[in-house]
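Asker: requesting a structural model of the entry that follows:
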Amino acid sequence: MANKGKPVIDRERCKGCHLCVRSCPTKVFDVDETPNSWGYYPALPARAEACIACGNCYLVCPDVAATVYKL
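Answerer: Numbering: from 1, shown residues only. Here you go, the predicted model:
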């Protein structure tokens with residue numbers, strides 16, 4: 001059985017570098033069209049059901065805005 005995960009992005013911590021978008025092997029993330037209170041466009045887990053809990057997003061996030069919960 002394949003691993004499943006629940007990706008969570010803290011919108012206020014995300015500065016919109018989108019490293020998580022580029023590092024995700026299953027293309028879970030998109031760029032949110034609504035800015036956060038800082039004016040940045042954070043990542044958005046648009047296809048969370050495709051998450052395999054690899055942790056790439058967590059590892060590359062310089063602001064610790066990405067978290068993955070293994071289900």
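
Asker: ranges for the strands of this structure?
Answerer: Using DSSP state E, the strands of the chain run over residues 5-9, 29-31, 43-45, 66-70.

Asker: how about those strands, which one is nearest Ile52?
Answerer: Ile52 lies closest to strand 5-9 among the strands of the chain, at 6.4 Å (C-beta to C-beta). C-betas here are computed from N, CA, C, even on glycine.

Asker: any idea how far the closest one is from the middle of the chain?
Answerer: Between the centre of strand 5-9 and the centre of its host chain there is 7 Å, according to C-alpha atoms, centre = their mean, to the nearest Å.

Asker: and Met1, what pLDDT?
Answerer: Note on Met1: pLDDT of 57.

Asker: you'd agree Cys20 is up against Cys57?
Answerer: Yes: counting by C-beta atoms under 8 Å, Cys57 is a contact partner of Cys20 at 3.7 Å.

Asker: overlap in contacts of those two?
Answerer: Phe29, Ala43, Ala66 (C-beta atoms under 8 Å, 6 or more residues apart in numbering).

Asker: of those, closest to Cys51?
Answerer: Distance to Cys51 across these (C-beta to C-beta) is lowest for Phe29, with 9.6 Å.

Asker: wait, the closest one touches Cys17, no?
Answerer: No: Phe29 lies out of contact with Cys17 (C-beta under 8 Å); the separation is 11.8 Å.

Asker: which of the two has more neighbours?
Answerer: Using other C-beta atoms under 10 Å, the more surrounded residue of Phe29 and Cys17 is Phe29, with 26 against 16.

Asker: alright, that wraps it up for me.
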